[in-house]
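**Student:** Got a predicted model here, sequence first, then my questions.
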Amino acid sequence: MTNTGQRVLSAVVLISIIVSSLWGGRIPMMSVMLVFGVLYVHELEVNFFKHLVFSFKYMGSQFIFIGSFTYFGFLSQGQNVSAFIFIGLLQNALLLYYFFATKLESKRFIRFFSKIPCFPGIFVTIPFGAVLSFFQYERWIEYLLILVLATFGMDSLAWFWGKALGKKKLCPIISPKKTIEGLLGGGLSTALVICLCYHYLAPGPLTASKVLIFLTLPFLSQLGDLIQSKIKRQVGIKDSSSLIPGHGGVYDRIDSIVFVGPFMAILVRLFLWY
């Protein structure tokens, strides 16, 4: 099977898992998130920070994530997670500084965070905690679907437009396959898909503020993807793992979700709907 075929098949399987979990309710969806998070922590610990499986640092990170997710997710149902939203925004601000203000050859950020015990567990817990805030609302499925559409949709449609029309490189040193045409085509197409889905399927009206937000989310998604690409370049790996054929690892697949999640959470809380 070609790489494109593997990519499409893997995407269909992942989307099927997510949709069936959403249909099953809060607990099945949280269970899928928990599995993704455990695998995400595993990839960071083993492939990025080179820690051995079942080492003290590895087990500490998994304990932090699993313990926090179990309490704030399964037991609290997304209640009392405001701190995760705001800390997630601070974490994203730090990632933006890292992306725009540090040179590719400078590895001081990587070296600094590698010295923090169990850092991957903390790094993963924060955005997952922010996304858990959706579950306290009756329309939690709607919020998660918008998040998935904004990220998975942007990834797929940017790839399509890049293959079809791409000429000008977006960020050739960090991610040589991404193009400006793919960014613009993917961002606008994804926003259109979200707006159409919301207009015909959501109970609330499609206001101008929501259209603006739906237009912004896909471009934030691409930024999250580029940040992860820079991290991988600095640690010298191509993919976070080889778990998902055609995509790489779990972090490769959900890098945009964990970056956009805190932004989406604060928008839901402050500006959009309840």
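**Tutor:** It's in.
**Student:** before we move on, which element is G60 in?
**Tutor:** In this assignment (DSSP states H and E), G60 forms part of helix 56-69.
**Student:** For that helix, what is the distance to the chain centroid?
**Tutor:** Going by C-alpha atoms, centre = their mean, to the nearest Å, the spacing between the C-alpha centre of helix 56-69 and its chain's C-alpha centre is 20 Å.
**Student:** cool, and stretch 260-274?
**Tutor:** Centroid separation for stretch 260-274 versus its chain: 15 Å, with C-alpha atoms, centre = their mean.
**Student:** Would you mark the buried spots in that stretch?
**Tutor:** Of the residues in stretch 260-274, 260-268, 272 count as buried by neighbour count, 16 or more other C-beta atoms under 10 Å. The C-beta positions use only the backbone N, C-alpha and C, and glycine is treated the same way.
**Student:** Can you give me the buried ones in stretch 50-69?
**Tutor:** Neighbour-count burial for stretch 50-69 flags 51, 57-58, 60-62, 64-66, 68-69 (criterion: 16+ other C-beta under 10 Å).
**Student:** can you check stretch 128-139 too?
**Tutor:** Buried, per 16+ other C-beta under 10 Å, within stretch 128-139: 128-136, 139.
**Student:** hmm, who's touching it?
**Tutor:** The contact list for stretch 128-139, computed with C-beta atoms under 8 Å, 6 or more residues apart in numbering, reads 26, 29-30, 33, 37, 65, 68-69, 72-73, 77-79, 81-85, 88, 140, 143-144, 147, 203, 257-258, 261-262, 264-265, 268-269, 273-274.
**Student:** in the stretch 151-274 of the chain, which spans are helices?
**Tutor:** Counting by DSSP state H, counting those that start in this stretch, one finds helices in the stretch 151-274 of the chain at the ranges 180-201, 208-235, 250-270.
**Student:** Show me what the shortest one packs onto, helices and strands only.
**Tutor:** Translated: helix 250-270. helix 26-43, helix 82-101, helix 119-132, helix 140-165, helix 208-235 (3 or more C-beta pairs under 8 Å, 6 or more residues apart in numbering; DSSP states H and E).
**Student:** avg pLDDT for the third one?
**Tutor:** The average pLDDT within helix 119-132 is 97.
**Student:** One more: the fourth one?
**Tutor:** For helix 140-165, the mean pLDDT works out to 94.
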